[in-house]
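Peer 1: 3D model of this:
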Amino acid sequence: MSNHSCNYLLFRCMDFRLKPSVLNELLEVIGCSEGNFDLVSVAGSAKDLLSERQGEKEFLLKQIELSSKLHHICKVIVLLHDNCGAYGIADKDEEEETQKQDLAKIEKIIKNNFKDIEFDGFIVKNTSTGDLTLKKV
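Peer 2: Reported below is the predicted structural model:
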């Protein structure tokens with residue numbers, strides 16, 4: 001087996017409105033270029049790391065473990081987005097506050113389980129209009 005590596009593991013929501021071409025442009029701005037990250041797309045992004053259902057959390061932790069082991073990642077990037085059906089919060093301010101709190105919890109879980117891996121959390125804004133921007137949390 002040959003040695004492959006990339007710098008990042010990117011968690012993103014499976015939402016079709018997060019168009020890969022636009023998202024890749026935004027990721028370039030933060031130094032996460034196409035071809036330099038492993039990608040995990042699931043409903044709600046990495047919010048299942050906070051799930052009471054052990055299997056959901058274990059699945060996502062396994063993705064980090066494998067990406068670290070096989071591709072030697074140095075950072076996990078989690079993208080949440082506004083107007084997210086997995087969150088199901090109608091009030092946009094309440095949704096953003098909840099997502100900020102969740103990203104802080106997710107960061108702790110990742111740092112507790114993977115000491116050498118850094119973390120960045122972002123919220124993709126303007127999902128409804130398609131004019132996507134990234135907000136670092």
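Peer 1: return the helix or strand bottoming out on mean pLDDT in the chain as CSV; C-alpha atoms alone will do.
Peer 2: The weakest-scoring helix or strand in the chain, judged by mean pLDDT, DSSP states H and E, is helix 20-29 (a mean of 90). Output of helix 20-29 as CSV, limited to C-alpha atoms (Å, rounded to 0.1, in the frame of the first residue of the first chain):
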residue,chain,number,x,y,z
PRO,A,20,-19.1,21.7,-4.1
SER,A,21,-17.8,24.3,-6.6
VAL,A,22,-18.7,27.2,-4.4
LEU,A,23,-17.7,25.5,-1.2
ASN,A,24,-14.3,24.6,-2.7
GLU,A,25,-13.7,28.3,-3.5
LEU,A,26,-14.5,29.2,0.1
LEU,A,27,-12.3,26.5,1.4
GLU,A,28,-9.4,27.8,-0.7
VAL,A,29,-9.6,31.1,1.2
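Peer 1: from the chain's centroid, how far away is that helix?
Peer 2: 14 Å (C-alpha atoms, centre = their mean, to the nearest Å).
Peer 1: who are the packing partners of it?
Peer 2: strand 133-136 (3 or more C-beta pairs under 8 Å, 6 or more residues apart in numbering; DSSP states H and E). For every residue, glycine as well, the C-beta is placed using N, CA and C.
Peer 1: partners of the strand it packs on in the sheet?
Peer 2: strand 118-125 (antiparallel) (DSSP bridges).
Peer 1: phi and psi next, for the most centrally placed residue in the chain.
Peer 2: Compute the mean C-alpha point of the chain, and by C-alpha atoms, centre = their mean the closest residue is residue 78, 2.1 Å away. Main-chain torsions, residue 78, degrees, to the nearest 10: phi -110, psi 120.
Peer 1: I am finished for the moment; much appreciated.
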